[in-house]
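**Student:** Structure of the sequence below:
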Amino acid sequence: MGQLSHIRVLDLSRVLAGPWAGQILADLGADVIKVERPGAGDDTRGWGPPFLRDQSGAETGEAGYFLAVNRGKRSVTVSLDKPEGQAIIRELAARSDIVLENFKAGTLARYRLAYEDLKAVNPKIIYCSVTGFGQSGPRRDQAAYDFMIQAMGGLMSITGERDGKPGGGPQKVGLPIVDLMSGMYAAVSVLAALANREATGQGVYIDVAMLDVMVSTLSNQAMNYLVSGVVPKRTGNAHPNIQPQDVFACSDGAMAVAVGNDSQFRKFCDVLGMPELAADERFAKNASRVRNLATLRPLLDQRLRQKTRNEWVSALDIAGVPAGPINTIPEVFEDPQVKFRGMVSEGPHPLSGTVPRIGSPMRFGDVAAPQTRPPPLLGEHNLEVFREMGFSDEKLASLKSLGAI
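**Tutor:** Numbers count the residues shown, from 1 in each chain. The predicted structure is shown next:
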């Protein structure tokens, strides 16, 4: 059933940030009704290859991108530019607790589907808008994508190898991290609003801006600058404040070492057979290691190249020093811990028979989030949802003929 099995979400969002928020709520058991364009659907349905294959091996047209962010939802098709479609959305809003949308600022107001419009039919509605720049400010009317915000928000200036080194230059993160974090903040915001509504009976409007999220997510790097005035630089894989935290070459590959404190550094040096480094005043304390990294790093590099990755990782694990291999995605899914935690499984799908499912990381006590519906086909739940709303066959036929659904 899930923690939110009593909650209904009207998900008007597309692409990633909004749908990610909706998927989090679906993982928690909410009934998430995803509204899509008739005949076309969410843009990400076509963002492939790869596409899911049916039982004969043929491509289904369901892109992996869409499947990644829409599990657990019911899909209905509604044309927002038709008066009849707008009436359906208002009726769905009257039956819902939360509305998610990520249209450009002001778009839904043109269709009389803005917060004030839906509040009129449901005074307790929690309405969350996710946009690139928010509902105010000089950029409010501009569109945005994750890559653009990673650049504008400073993330790319601190991601990547140093200038002058092979591969040097600004890099984006390998995931659409701003979209994902914006979806996470949206989900947290609506959960806070639900808790507040329990106490006050009041709904609320929530304004989440991707650029705001990116600035907030700069976290320690932003504060490093604000307290020092020193502009953070790209340091490759090396942590700017804690050392040694970096990628190190072994005799047969690379590993990540994440020493987090002075005690772990002493253990690290013991495993390397170099206890004298931990006693050296240049390296004994973290601040000294950061300042003297140019001296420390070559000593570590020379020693770590003398054994295999697995030898070092095993020895460091026994000593309690965080270290691990740099896994490929397939290797991640073969990791015994990932398997034990059930982070990937198979679920039913109407076209392919089964579809891979990434597990939710949320657990309550020792209970994982419940298995949810597979990502829906476009309009898969039209009849189910509209009949729950009391629509007759005649009305459904009329709406279809008008292009409203």
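**Student:** ok, how many other residues are close to the nearest residue to Gly320 once chain neighbours are set aside?
**Tutor:** Taking CB to CB, 6 or more residues apart in numbering, and ignoring the residues beside it in sequence, Gly320 has Lys267 as its nearest neighbour in space, at 6.1 Å. Backbone N, C-alpha and C define where each C-beta goes, glycine included. Counted with other CB atoms under 10 Å, the neighbours of Lys267 add up to 19.
**Student:** tell me the phi and psi of Lys267?
**Tutor:** Dihedral angles of Lys267 (phi, psi; degrees, to the nearest 10) stand at phi -70, psi -40.
**Student:** residue contacts, it?
**Tutor:** Going by CB atoms under 8 Å, 6 or more residues apart in numbering, Lys267 touches 319-321.
**Student:** if you set the cut-off to 10 Å instead, what comes out?
**Tutor:** Taking CB atoms under 10 Å, 6 or more residues apart in numbering, we find Lys267 in contact with 259, 261, 275, 278, 316, 318-321.
**Student:** Got a quick ChimeraX command for the buried subset of those?
**Tutor:** In ChimeraX syntax, the buried subset of the contacts of Lys267 is picked out as below (16 or more other CB atoms under 10 Å):
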select :259,278,316,321
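**Student:** Reformat the contacts of Lys267 into JSON lines and put pLDDT and secondary structure next to each item.
**Tutor:** Shown next, in JSON lines, are those (pLDDT from 0 to 100; DSSP: H, G, I helix; E, B strand; the rest coil):
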{"residue": "Val259", "pLDDT": "97", "secondary structure": "coil"}
{"residue": "Asn261", "pLDDT": "96", "secondary structure": "coil"}
{"residue": "Pro275", "pLDDT": "97", "secondary structure": "helix"}
{"residue": "Ala278", "pLDDT": "96", "secondary structure": "helix"}
{"residue": "Leu316", "pLDDT": "97", "secondary structure": "helix"}
{"residue": "Ile318", "pLDDT": "97", "secondary structure": "helix"}
{"residue": "Ala319", "pLDDT": "97", "secondary structure": "helix"}
{"residue": "Gly320", "pLDDT": "96", "secondary structure": "coil"}
{"residue": "Val321", "pLDDT": "97", "secondary structure": "coil"}
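**Student:** A helix includes Leu191, no?
**Tutor:** Yes: assessed by DSSP: H, G, I helix; E, B strand; the rest coil, Leu191 belongs to a helix.
**Student:** these two touch, right, it and Glu198?
**Tutor:** No: checked against CB atoms under 10 Å, the pair Leu191 and Glu198 is beyond contact range at 11.0 Å.
**Student:** Let me see the backbone angles for Gly324.
**Tutor:** phi -170, psi 160.
**Student:** right, and it touches Val313 too?
**Tutor:** Yes: using CB under 10 Å, Gly324 is in contact with Val313, at 6.2 Å.
**Student:** what ranges of the chain fall below the confidence cut-off?
**Tutor:** 368-370 (pLDDT under 70).
**Student:** how's it carved up into domains?
**Tutor:** For the chain, automatic domain parsing gives the domain ranges 8-217+340-401, 245-326.
**Student:** Pick the most buried one from those domains.
**Tutor:** domain 8-217+340-401 (a mean of 18; mean count of other CB atoms under 10 Å).
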